[in-house]
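> everything below, folded, please.
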Amino acid sequence: MTAEGEPEDSLGDEGALPIDLMARVVGSYVWVEGRLFEILGHFAATDPAPVAVLYFDATAGGCAGRAAAMGGLLPLIPGAGPDAVVVAPGDEAAGALDDLAGRPGTLSRLAGVVRVVLPRMVAGYQAHLARTVAVADANLARVLRTAVHEHLDALSQGEALLQRLGADDPAGLEEATAGLASLDDALARVGTGFVPWPIDTGGVA
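Okay, here's the model as predicted:
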């Protein structure tokens, strides 16, 4: 650890991911944020609860903004355009988001977003931040820190809304919470977040 309390491996350029692997990781982030934008936008257009519509719409907008910001940081790989790396990080993540998209009711949707998806987004970005190097990853680290802040804000607002709506329907809230097992199971093999780290880290997720 340094005197400032930062992990030693976050300083300097040594240890930075090769450009092709970094492009894969960032491209996966763009895909996940973009897929969340689609799902939350669909929720905003179809949910029967007006307060949930407002929440889903605002949260979807944040996802679109982050996808654009991260897309602007994609490393250039000779002979490969953005479409080559802006892809799902794996079947588990894609399947979990499909599961979220198919959730049938306000409480079920909110529970999936605030109890599983957003905490995983935060954890994944925080894990990446712990691996960043000072110079090579400076711009990405800034975007990731903003993403963590925005997701935590959305999580806090969503959890408050979930509890507020659940107070009027405790049985529905209990059912929605119990139904999170399929989301958790789909992501169990990913490790931290939605995007597996592309190199062996000695057991660190």
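> next one: stretch 28-44 to chain centre, how far?
9 Å (Cα atoms, centre = their mean, to the nearest Å).
> buried ones in stretch 128-148?
128-129, 131-133, 136-137, 140-141, 143-144, 147-148 (16 or more other Cβ atoms under 10 Å). For every residue, glycine as well, the C-beta is placed using N, CA and C.
> show the average pLDDT along it.
Across stretch 128-148, pLDDT averages out at 93.
> check contacts around P196.
P89, G90, V190 (Cβ atoms under 8 Å, 6 or more residues apart in numbering).
> can you get me a residue count around the nearest residue in space to the last one that is not next to it in sequence?
Going back to what we said before, that points to V190. Distances taken as Cβ to Cβ, 6 or more residues apart in numbering put E92 closest to V190, at 5.1 Å, once the chain neighbours are dropped. Per other Cβ atoms under 10 Å, the neighbour tally for E92 reads 18.
> by contact count, what packs against the top helix by length along the chain?
Assignment by DSSP state H gives helix 138-167 as the longest helix of the chain. Applying 3 or more Cβ pairs under 8 Å, 6 or more residues apart in numbering; DSSP states H and E, we find helix 138-167 packed against helix 50-71, helix 106-112, helix 118-129, helix 170-178.
> for the residue nearest the centre of the chain, give its distance to A16.
Residue closest to the average C-alpha location in the chain (Cα atoms, centre = their mean): M121, at 2.9 Å. Separation of M121 from A16 (Cβ to Cβ, to the nearest Å): 23 Å.
> how much space separates the residue nearest to the centre of the chain from H149?
12 Å.
> now swap in F194 and tell me
18 Å.
> higher neighbour count, the two?
The residue with more neighbours, out of F194 and H149, is F194; 28 against 12, by other Cβ under 10 Å.
> ok so, going back, can you put the buried residues of stretch 128-148 in JSON lines and add distance to A68?
Output for the buried residues of stretch 128-148, formatted as JSON lines (distance: Cβ to Cβ, whole Å):
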{"residue": "H128", "distance to A68": "18"}
{"residue": "L129", "distance to A68": "20"}
{"residue": "R131", "distance to A68": "23"}
{"residue": "T132", "distance to A68": "20"}
{"residue": "V133", "distance to A68": "24"}
{"residue": "A136", "distance to A68": "22"}
{"residue": "D137", "distance to A68": "19"}
{"residue": "L140", "distance to A68": "14"}
{"residue": "A141", "distance to A68": "18"}
{"residue": "V143", "distance to A68": "10"}
{"residue": "L144", "distance to A68": "15"}
{"residue": "A147", "distance to A68": "12"}
{"residue": "V148", "distance to A68": "17"}
